[in-house]
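# Need coordinates for the below:
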Amino acid sequence: MIRHAKISEIPEIITICKACAAYMISNGIYQWNEHYPSAAAFEKDIERDELFVLEVDKKIIGTVVVSTLVDEEYKPVKWLTPNEQNVYIHRLSIDPDQQGSGYAQKLMDFAENRAKEQGFVSVRLDTFSQNKRNQRFYEKRGYQRLEDIYYPKQSEHPFHCYELVF
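The predicted structure is shown next:
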C-alpha cells in the first residue's frame, strides 16, 4: 500500500534512509550523508502533502516525495518541457533488505501515474553521477538525461538531471 506519510513516522523513515545511506556507502556510493536526507526535509514534505510511504505487511519499507516545488539548483537547467506543469521526485528509498523486489518500480509507477492523472506534462529528478544502478533504473523507465547540478553538502561529484515527458 502506498499512502501519505505521517509526522509520527519520521523516525522510521529516517531509519530506512540511514540504512540506504550505509548500503550505498558500502558499495562506494557517497550519495546520502549526515546532512541529507534530514528529518526537517521530511517534515516539510509532509506539511506539503508530498511524502508517500510504501507499506508491506504494515511495515514501512520505502519512501518517495512527489513535489511541485522547484529546487533552486534546478532553475538554470534546460529541461525538455516548460517550467509549468512538472513534478519533481526526491528521496526515493527502499529498505536495503527489500531491494530487488520491484518496490522502487511500484513507487515510481505510483508517482508517474499520479502526475499524469493530475495533468502534469513531465516528471523531473536527479540522481548521483556515481550511482550507475539508479541511472540505469531511470533510463529504463524512459527518462532522458540532461545536464548536471551540484549539491556541495552532499558530494563534490555532480548529480545528473533527468526528465520523463508524458
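# Touching the longest helix anywhere in the chain from outside, list them.
In terms of residue count, the longest helix belonging to the chain (DSSP state H) is helix 10-26. Contacts of helix 10-26 from elsewhere in the structure, counted by CB atoms under 8 Å, 6 or more residues apart in numbering, are 5, 30-33, 37, 39, 42-43, 46, 51, 53, 60-63, 91, 93-97, 99, 131. Yep, even glycine has a C-beta here, placed from its N, CA and C like the rest.
# and if you look at stretch 50-59?
Under the contact criterion CB under 8 Å, 6+ apart, stretch 50-59 has outside partners 1-5, 9, 13, 42, 45, 60-69, 91, 94, 98, 103, 106-107, 110-111.
# same thing but at 6 Å, please
Residues from elsewhere that reach stretch 50-59 (CB atoms under 6 Å, 6 or more residues apart in numbering): 1-2, 5, 45, 60-67, 103, 107.
# likewise stretch 35-48?
Taking CB under 6 Å, 6+ apart as the criterion, the residues outside stretch 35-48 that touch it are A5, I7, I10, I13, I14, C17, L51, V65, R91, K153, Q154.
# Just name the closest of the residues you listed to Q118, please.
V65 (15.0 Å; CB to CB).
# ok, back up a step: TSV for the contacts of stretch 50-59, including pLDDT?
Supplementary listing: the contacts of stretch 50-59 in TSV, determined by pLDDT from 0 to 100:
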residue	pLDDT
M1	97
I2	98
A5	98
D45	98
I60	98
I61	98
G62	98
T63	98
V64	98
V65	98
V66	98
S67	98
Y103	98
L107	98
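# Of the contacts of stretch 35-48, grab the buried ones for PyMOL.
Here is the PyMOL command that selects the buried residues among the contacts of stretch 35-48 (16 or more other CB atoms under 10 Å):
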select buried, resi 5+10+13+17+51+65+91+154
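# Of the contacts of stretch 50-59, which count as buried by neighbour count?
Buried members of the contacts of stretch 50-59, scored by 16+ other CB under 10 Å, are 2, 5, 45, 60-67, 103, 107.
# Let's have the residues you listed in a markdown table, adding distance to Q144.
Putting these into a markdown table (distance: CB to CB, whole Å) gives the following:
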| residue | distance to Q144 |
| --- | --- |
| I2 | 25 |
| A5 | 29 |
| D45 | 26 |
| I60 | 31 |
| I61 | 29 |
| G62 | 25 |
| T63 | 25 |
| V64 | 20 |
| V65 | 21 |
| V66 | 19 |
| S67 | 20 |
| Y103 | 24 |
| L107 | 20 |
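# These into CSV, with extra columns for secondary structure and distance to N83?
Converted to CSV, the buried ones among the contacts of stretch 50-59 look like this (DSSP: H, G, I helix; E, B strand; the rest coil; distance: CB to CB, whole Å):
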residue, secondary structure, distance to N83
I2, strand, 27
A5, coil, 27
D45, helix, 21
I60, strand, 32
I61, strand, 33
G62, strand, 28
T63, strand, 25
V64, strand, 21
V65, strand, 18
V66, strand, 17
S67, strand, 14
Y103, helix, 31
L107, helix, 24
